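**Student:** below is the sequence, then the predicted model.
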Amino acid sequence: MTDAERNEYLNKVRETLAETGLEITEFTEAAKPVAPDNAIGRISRMDAINNKTFADRKLREAKQRIKRLERVLDKAESSDLGKCNRCGEEIMFKRLLYMPDTLLCISCARKKG
């Protein structure tokens, strides 16, 4: 990875970290417990519970993404930046920009799933 690519990638990681932080704020609000309020009706309450469940899942995913992005930033000065955690090979630069929180190359990611 060249110095220019490293800087571009780290900027993308920081940008994604900030965006994910905003998402966490939104999902935290949406994931608040649904009060048993008779005034909204049974169907509306079921919708509210479904929306809360969805927000809970998205909140967990966003928190996991934050952890991965922070791991990338921890490697910022390391020669391991942009290398697969499993096989140690360089991760394609386009993949890093598309998925800044990725820790695996395409081959290892396919084997994982």
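**Tutor:** Sure thing, it's come through.
**Student:** list the contacts of the most centrally placed residue in the chain.
**Tutor:** Residue closest to the average C-alpha location in the chain (CA atoms, centre = their mean): R65, at 2.7 Å. Neighbouring residues of R65 by CB atoms under 8 Å, 6 or more residues apart in numbering: T16, T20, D101. All C-beta atoms are positioned from the backbone trio N, CA, C, and that covers glycine.
**Student:** which of the residues in the helix ranked longest in the chain are buried?
**Tutor:** Longest helix in the chain by number of residues (criterion: DSSP state H): helix 42-74. Neighbour-count burial for helix 42-74, counted by 16 or more other CB atoms under 10 Å, picks out R45, A48, A55, K58, L59, A62, R65, I66, R68, L69, V72.
**Student:** next one: stretch 18-32
**Tutor:** Those would be T20, E23, I24, F27, A31, for stretch 18-32 by 16+ other CB under 10 Å.
**Student:** surely L103 is in a strand?
**Tutor:** No - according to DSSP: H, G, I helix; E, B strand; the rest coil, L103 belongs to no strand; its state is coil.
**Student:** quick one: pLDDT of it?
**Tutor:** Reported pLDDT at L103 in the predicted model: 90.
**Student:** what separates it from E29, distance-wise?
**Tutor:** L103 is 29 Å from E29, where distance means CB to CB, to the nearest Å.
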